[in-house]
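[1] Sequence unavailable; structure follows:
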C-alpha cells in the first residue's frame, strides 16, 4: 500500500492488448516475445527468445517450485532505458540456479489455466447466486468490478466500479490490519505483533470481530488485513510488526481467528502479502533505490509450503474472502503475475474460492496477470500513482474484444468477487446500505470531493460524517484493545521488584520513610507532539503505539505511560518526577537522577513501510539496537539512579527484536518489560502490569538474540544491490528464528515463546492419544463441484464505447473505449506453457487443501497448576519433532529440531489445576514431500511431541 498523498512513481507495466502504441507497456508473463522486442533488431529478438526457451526448459528439470522465465519479467523489459540486456538476464537467472543443501532454487514454472471458482461446497450457494447475477452483466460491468477506479478516485483507498443495472455496488477497500486507516472515531487496536504476543485465540477472534464491526459501520466492504507476510525472516524488516510473529503456526492460527472475527461481521477480510515480502528495500522500483526491478524472493518448494505459505493455508481454511499478492518477485516472477503461485498453489492446491487482488501498483502486466490468476487490480492505475492509465480498465475491455484474454477468465474473475460478496452476506441491506464509506481517506474536513485525485471533480459534498463506531459501555472496543495490550505485554526480567503497589512498594526510601521517590525518563513515556503528528505515523516521537505505513491508524486517543502512572500512584506516598525526553539534563542537574529510589526508563524502536523514510530508516531498520540513544539512556539511568543504589525498570515499545546485551545484565536493572505496540490503551495497559492489577501473560512471538549475527545470514537486510534484479535467495530454507537457533545450538537472550509471570505454573500428566493411525499420504483427491458455465459470446465493440452522457473525469479509470479502432487484432503471444494442461494437486480438493489434512490424528492433554501466589494466565505450547521418525523407503529428510504446532492459553486461580487439550492434525504431523508433491507423514519410528512454556522450556514430552 502507499502514501496518502501520492508522489511521482517511476515504473512500467503491461497493456492488455497488442495495440502498437509508443507509450511504455509491459511484457506478459512467460511471453516468448513482447511489444518492446518487436521494436528491436531481429537478431536481438531471436537471441532473447533462445535464452528464454533455454531457461524455461532448464526450469522443468528440478523441484516443483522452479520457475519458467518470462512470467517473471512482466514489468520492465519494455522500457528502452531499462531493458535487461540478454547477457545480464542470463547471468542473473543463472545465479538463481543455486544448489544449497540439496535444494534447487530456480525459476517459477507456468501453471495454466487459472482454476475456476465454484468447486468448493462451502461456497456453492454463493456461487449459484453469483452466476445468476454475472449472467446478466455487460462486459463493461464485468470490467468495472475487477478494476479499481484509480488512486484517490473514491472515498476509500481502493474502490471498484459498480454493476448498476444488476444492483451490484461499488466495493470499498480499506486498510488495514490494526484498524480503519484514515478514519476518525474508530479504534486504534494493538498491532498484529502484540496480538501474536498474547497467544490468546479468543482475543485474536474478538479483536477481529470488533475490527470488522467498525469497518461495516464505516461503510467498508473489504478490510486489507490480516497480514501474515512478512513472516519475519529478517528481524529488522520494516513491516514485521503488522503480522503475528515469526512462526507459521502462530501466524496461521492468529490469522484464522482474526478472519473469523472480521467476517462474522459481514466484512471481507484480505490476507496479505502473498508471498516473500520480507523486507522493504527494493520492494518497488520507485522507492528509495529506483532500481529497475523489485527484488526476487527465491524460495524452494518445501519452504514455501511449510513456512511462508503455511499461514495462508490456515487463512483459506478459515474462509478468507480475498488474498493480496505482493510487490516482490517470487522465484524471479512478480507475485501478481506468478501463475504457479496464484493458479497452482493458491487456487488449485489450497482451493481458494475468493478473489486475488493486487497490492497497490503491484500489478505489472495486463493479460499476463489475469491469465496468472489475478482477479482485481488495485487501485486501478497503471504504473504510477493516479496516472489513470490502467493496465486493465479499457485495456481489459479490448483484450476481451480481440480475444487475447479468454472471456471465461474474465467471467471467473467477476464471479469470484461477486461470490465473496454473497458469501459475506453483503447483499443484506439491513447490514450494508450500499451508500459506501461515510468518511474520506483524503481529508478530515466535513466536505470535500469524492474523487479527490481528479482536477475535474468540482462538486463539494459531505464526505466525512464522523460516525463513531468505537462502541459504548460494555460494548466499547476499547475494552478489547485494552485486554489485547495487557496480554500482549511481556515480562522479560523481574528480580522481585514487580509488581509495585500504589504506594511504590516493595521500593523503600532511604531518604524519606514516608515517601518513595520515582523518576520516569525517556521520550517514549510521554505524549510528544500527539499520536497523529506525522502522516501514517511516519515518525518516532512520543510514546510508540504502532509502526508506520498503511498498517497504521488514526488514534482517537493515546494514553501515555507517564500520564497513566501519574494517575495510578498514591500522591501522598510517591514523589513522581517525569522527564519525557531521551536527553534529560543529567550533567547540569544530577539530582534528578541521584535523588531517586526507583527509575523507570522508556525507550522505543520504530519501523514501517518503505514509502516513508524517517531518521534515515527507509522502512527497514538499519540495525537491531534501540533508537534515539536508548541504550545509552538506560545505562546512564541504571548507573546513576539513587547514586548507584537505586533500582531501574526498563520499558521497551518495539516493532521487533532488539539486542539488549548492553544493559540486560546490569545489576541495577531489576526488570524489563517488553510492551510491543499496544495501540490507544498503551499507558493504561502497562500500568495494570506494573501495579499488579493484571498479571503479565504475554510471550515472545520471536527470538531475541544476544548478537545480530546470531540470526544468521537470513537475518540481514539487503540494503544495497548491484543487480538489476536484487536477489534474496532463502538458502536457510526452514531455518529462521528459533529453528535456526536450535539447529546451530545458539543460546538466545530470550527464546521464542518466553515470558514471565508474577506466579508459577507446573505441568504434569501428559497424555497423548492416537485418534487415527499413521498413513503416509492423504487419500485420493475428492471430487469437487462443477464451476459455473457462461456464454462465451463476445459483444460488439460498439457496445463498449464511452457514453456521451457521462462527464469524463481526468485520471478516473473507466472500462470504456473511445473508438473501435483502438481494438487491435492478431495473434497473441501467450505465455510459455500456457497450453500445457496441469494436473490437479493431490494435496488439494477442498478449502484449505485436502480435507484429510485437517483431520485430528492425535490429541494432547496436560494438567497445568498455578503453584504461585497470583491468579494468572499461562500460554502452553506444543512442539513437534521428527528427529526420531522416518519412512519405509529410508529417504533422508532434514527436519528442524522442533516446530510449534499448537498453543492454548488458560486462566488459573491460585492453586487451581486445569486440563488443557490440543488437537494435532495430519498437516501438523507431516512435511511437504517435494518429489511426491504432497504432505507426507513419517510412518516409521516416533513423532515426538513436546509441551512447554517456551521453545527452550519444554516441560513434558511423549510420542505419537
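    Cool, the structure landed. Every value quoted in this text rests on a predicted model; they were computed, and no experiment measured them.

[2] make it CA atoms for all contacts and neighbour counts henceforth
    Noted.

[3] Residue 133 belongs to a helix?
    Yes - if the criterion is DSSP: H, G, I helix; E, B strand; the rest coil, then residue 133 is within a helix.

[4] going forward, begin numbering at 421 instead of 1
    Okay, using 421 as the starting number, the last item reads as residue 553.

[5] What's the local residue count around it?
    Using other CA atoms under 10 Å, the number of residues around residue 553 comes to 17.

[6] Just the strands from the stretch 721-870 of the chain, written as ranges.
    All strands of the stretch 721-870 of the chain, identified by DSSP state E, counting those that start in this stretch, fall at 742-745, 749-750, 775-778, 867-868.

[7] Could you do the stretch 1121-1270 of the chain as well?
    With strands called from DSSP E, counting those that start in this stretch, the stretch 1121-1270 of the chain shows them at 1147-1149, 1181-1190.

[8] Let's have the strands of the stretch 721-870 of the chain in a markdown table, adding distance to residue 892 and mean pLDDT.
    Formatted as a markdown table, the entries for these read as follows, by distance: least, CA to CA, whole Å; pLDDT from 0 to 100:
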| stretch | distance to residue 892 | mean pLDDT |
| --- | --- | --- |
| strand 742-745 | 31 | 99 |
| strand 749-750 | 45 | 96 |
| strand 775-778 | 35 | 99 |
| strand 867-868 | 27 | 98 |
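
[9] Can you lay out those as CSV showing distance to residue 699 and mean neighbour count?
    Listed next are the strands of the stretch 721-870 of the chain as CSV, based on distance: least, CA to CA, whole Å; neighbours: other CA atoms under 10 Å:
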stretch, distance to residue 699, mean neighbour count
strand 742-745, 15, 28
strand 749-750, 12, 32
strand 775-778, 18, 27
strand 867-868, 36, 18
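
[10] Wasn't residue 995 part of a helix?
    No - according to three-state DSSP, the state of residue 995 is strand, so it is not within a helix.

[11] Low-confidence bits of the stretch 421-570 of the chain, can you list those?
    421-526 (pLDDT under 70).

[12] and what of the chain?
    Where the chain drops to pLDDT under 70, the residues are 421-526, 708.

[13] Go again with 80.
    In the predicted model, the chain carries pLDDT under 80 at residues 421-527, 706-710, 928-933, 1310.

[14] Break it down into its structural domains.
    With automatic domain parsing as the criterion, the domains of the chain are listed as 455-603+638-863+1213-1242, 896-1124, 1181-1197+1275-1379.

[15] Could you say which of those domains is packed most deeply?
    Across the domains of the chain, averaging neighbours per residue (mean count of other CA atoms under 10 Å) puts domain 455-603+638-863+1213-1242 on top, at a mean of 24.

[16] For residue 1355, which non-adjacent residue is spatially closest?
    Sequence neighbours aside, residue 1348 is the residue nearest to residue 1355 in space, at 4.6 Å (criterion: CA to CA, 6 or more residues apart in numbering).

[17] Please tell me how far that neighbour sits from residue 1186.
    According to CA to CA, to the nearest Å, residue 1348 stands 28 Å off from residue 1186.
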